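1. structure of the sequence below:
(one chain, ligands or ions: 1)
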Amino acid sequence: MQVRQPTQIVTAMATQEGAGVTVHRALGTPLLPDIDPFLMLDEFKNDDPKRYMAGFPDHPHRGMETVTYMLAGAMRHHDNQGNEGRLRPGDVQWMTAGRGIIHSEMPEQEKGLMWGFQLWVNLPAKDKMTKPRYQEIKATDIPEVSRADGLRAKIIAGSLDGTAGPISGIATDPTYFDVALPKAVTFEHPLPAPQQGFLYMFEGKANVGAGPTARLVPRGSLAVLGPGDTVRVSADAGADARFLLIAGSPLNEPVVKYGPFVMNTREQIYEAIEDFQSGRF
Ligand code: FE
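-> Numbering: from 1, shown residues only. The predicted structure follows:
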């Protein structure tokens, strides 16, 4: 067994998205542009409506997937192909944009806490122009694994201790767990090559890795997992921890990004802009 040591720890930075929503971006920054096949991770957590009410009005996507996981609050999405849905606490939307959609993601509340995550996953070259697809999973359809030591994990994608998550048919074979780790408990999980991934701490703190090169990862920080075949996370003796474990198979293909268009060449980006501007999405 080779434990994956953290190779980089990054603090999420506050940035403005949509029509002026404050988000904390941990991945997709100059410091950490991507972890193939992942392009972005934002945490949004605001209890001040001024920081979320403007939402994310109509905007396009092509060549990638967006994954929204809500912890608190409600969000309505609507796209130009007639798809509509409402995300409530614990719900997940895995949207494969493929050749293109134009959608809005708007808060459905005027007060209270709005808390969740958005992850961007790249699509392989062969699937970039695929038909758009939605997987909308209600909180009650996301299985939870409990271990004897008190650990609890929600399995959105991938599998843990023989329990598989509901998300299926994704090219990069992703793992997406929400793990609640009680104080002084250690979580181990096999994550063999070629999978690559990271951990994002969103409550408490925990040590990632084993031995002298393990590092303490505080709330609001992302740890990039180095080579190895096993993830190990140990909660501090004094604090519970909760984190996302996200991993997938790298694509090893050229990435050319322009906002919400993620393609392989500049020509494909020009084509995306032209298609969008002339109403072909
Ligand atoms: Fe979007």
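
2. what is the helix or strand where Gln118 lies packed up against?
-> Under the criterion of DSSP states H and E, Gln118 resides in strand 114-122. Here strand 114-122 touches strand 38-46, strand 64-72, strand 241-248, going by 3 or more CB pairs under 8 Å, 6 or more residues apart in numbering; DSSP states H and E. Quick note: C-beta positions are derived from backbone N, CA and C, even for glycine.

3. and for the next helix or strand after it, what's in contact with it?
-> Next in sequence after strand 114-122, counting helices and strands by DSSP H and E, comes strand 133-137. For strand 133-137, contacts defined as CB atoms under 8 Å, 6 or more residues apart in numbering pick out 83, 85, 87, 91-96, 98, 156, 166-168.

4. and the strand holding Gln118 with strand 64-72, angle?
-> Here strand 114-122 runs at an angle of 160 degrees relative to strand 64-72 (axes from the mean of the first three to the mean of the last three CA atoms, to 10 degrees).

5. adjacent strands (with direction) for strand 114-122?
-> Here strand 114-122 is paired, per DSSP bridges, with strand 38-46 (antiparallel), strand 64-72 (antiparallel).

6. pLDDT (mean, whole number) over it?
-> Averaging pLDDT along strand 114-122 yields 98.

7. cool, and stretch 180-191?
-> Stretch 180-191 comes out at a mean pLDDT of 98.

8. may I see the buried residues of it?
-> Ala180, Leu181, Val185, Phe187, His189, Leu191 (16 or more other CB atoms under 10 Å).

9. same question for stretch 17-37.
-> For stretch 17-37, a neighbour-count test (16+ other CB under 10 Å) marks 17-18, 21-29, 32, 34-37 as buried.

10. farthest-apart pair in the residues you listed, please.
-> Thr22 and Asp36 (27.7 Å; CB to CB).

11. ok, the buried residues of stretch 17-37 vs Gln109, which is closest?
-> Set against Gln109, the nearest of the buried residues of stretch 17-37 by CB to CB is Val21 (13.3 Å).

12. residues touching the closest residue to the closest one other than its chain neighbours, list them.
-> In space, not counting the residues next to it along the chain, Val21 is nearest to Tyr52; the distance is 5.2 Å by CB to CB, 6 or more residues apart in numbering. With contact set as CB under 8 Å, 6+ apart, Tyr52 has these partners: Val21, Thr22, Phe44, Asn46, Gly73, Pro107, Met114.

13. and Asn252, how far from Val92?
-> To Val92, Asn252 is 27 Å away according to CB to CB, to the nearest Å.

14. hmm, I typed the wrong one, I wanted Ile167.
-> In terms of CB to CB, Ile167 sits 7 Å off from Val92.

15. between these two, point out the one with more neighbours.
-> Between Ile167 and Val92, counting by other CB atoms under 10 Å, Val92 is the more crowded of the two (26 against 19).
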